[in-house]
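Q: compute the structure for the input listed below.
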Amino acid sequence: MGLLDVLNSIQGGGASSDPRAQSAQAGMSPMAKALLALLAVYAARNLRRADAPSTQPAQQPRPAGGGTTAGPSTGTGALPGGDLGDLLRGTLGGLLGGAGAGTVLNGGLGGLLKQLQESGQGDVAKSWVGNGPNKQISEGDLADALGTNTLNELSRHTGMGRGDLLSGLSQHLPRFVDQLTPEGRVPTEEEAARIV
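A: Next comes the predicted model:
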C-alpha cells in the first residue's frame, strides 16, 4: 500500500477514492494533511540532527524549504507555507523530488516513534508498529508527546483547531503508523521510497 493510499483511506467523505483523480491539495482532508505534515516535521528534525555535527559556518541546510538550523530547534521553522501544496513543494516536496523520498518517510516515522518513546508512550507506539492490536493514545498524552510547537505548526498547515487536531490524530495516528509499518518495523529508506 502506498502513502497516497494510506492517506486516502483517512479521507472524510466526498473525495474520490482514486488518488490519481485528485490534486494533492484539493483532494486531501485536513486530517490527512496533518498526518503528512507530522511526518514532514520529524523528517526535517532528523535532517537537521544529521547536519548538526558539521560546524562549518557556510554549510547550507538540506531542507528545500529553507529555514536555518542555528539555535534551539522548535521544529517549526522547516515547514513552509500554509497549505499542502506549499508543504509538498517545500521541505517534503524538495526531498520527495529526488532519491530522498525514503529518507523522509523513514526519518519522519522513526523520529515520531522516538519522540513518543521518549515521552513515555513507547509501549503505545510499539503496538502501532507491531503485528498485534493497536493501543489507543489519549489526546492529552499525544499533546504532551508532540509538544505545543509541533501542534501549533500542524494547526497552521491544516487550519484545524487544536482540539479537532488532537481528536483526529489520536483516532487516526495508530492506523496510519500501522499501515506504514506492514513488516512490524519502520521500513528502511529503500522500502520507504517504494511506499511513497
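
Q: show me the longest helix that occurs in this protein.
A: For the chain, the longest helix by residue count, based on DSSP state H, is helix 30-51.

Q: from the contact counts, what lies against it?
A: Helices and strands touching helix 30-51, by 3 or more Cβ pairs under 8 Å, 6 or more residues apart in numbering; DSSP states H and E, are helix 3-8, helix 84-89, helix 91-96, helix 101-116, helix 148-158, helix 162-180. In short, each C-beta sits where N, CA and C put it, glycine included.

Q: relative to Y42, which of the ones you listed is closest?
A: helix 101-116 (3.3 Å; Cβ to Cβ).

Q: now do that closest one against helix 162-180, angle only.
A: 120 degrees (axes from the mean of the first three to the mean of the last three Cα atoms, to 10 degrees).

Q: avg pLDDT for helix 101-116?
A: For helix 101-116, mean pLDDT rounds to 87.

Q: grab the CA positions of it and hand them over as CSV.
A: Extracted in CSV, the C-alpha atoms of helix 101-116 (Å, rounded to 0.1, in the frame of the first residue of the first chain):
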residue,chain,number,x,y,z
ALA,A,101,11.7,10.0,-0.5
GLY,A,102,12.7,7.0,1.6
THR,A,103,14.7,9.3,3.9
VAL,A,104,11.6,11.5,4.5
LEU,A,105,9.3,8.6,5.3
ASN,A,106,11.9,6.6,7.2
GLY,A,107,13.2,9.6,9.1
GLY,A,108,9.8,11.1,9.8
LEU,A,109,8.3,7.9,11.0
GLY,A,110,11.4,7.0,13.0
GLY,A,111,11.6,10.4,14.6
LEU,A,112,7.9,10.4,15.5
LEU,A,113,8.2,7.0,17.1
LYS,A,114,11.4,8.1,19.0
GLN,A,115,9.5,11.2,20.3
LEU,A,116,6.6,9.0,21.5
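
Q: tell me what angle whatever helix or strand comes next after that helix forms with helix 162-180.
A: Later in the chain than helix 101-116, the nearest helix or strand by DSSP states H and E is helix 122-129. On the basis of the same axes, to 10 degrees, helix 122-129 is oriented at 50 degrees to helix 162-180.

Q: helices or strands up against the helix or strand that helix 122-129 is followed by?
A: Once the chain leaves helix 122-129, the next helix or strand it forms, by DSSP H and E, is helix 139-146. In terms of contacts (3+ Cβ pairs under 8 Å, 6+ apart), helix 139-146 is packed against helix 101-116, helix 162-180.

Q: residues of helix 139-146 that come out buried?
A: Using 16 or more other Cβ atoms under 10 Å as the test for burial, helix 139-146 gives 139, 141-143, 145-146.

Q: ok so, going back, same list (the helices and strands packed on helix 30-51) but as CSV, adding mean neighbour count and distance to K135.
A: CSV is the format used below for the helices and strands packed on helix 30-51 (neighbours: other Cβ atoms under 10 Å; distance: least, Cβ to Cβ, whole Å):
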stretch, mean neighbour count, distance to K135
helix 3-8, 19, 19
helix 84-89, 19, 29
helix 91-96, 24, 28
helix 101-116, 22, 11
helix 148-158, 19, 21
helix 162-180, 19, 7
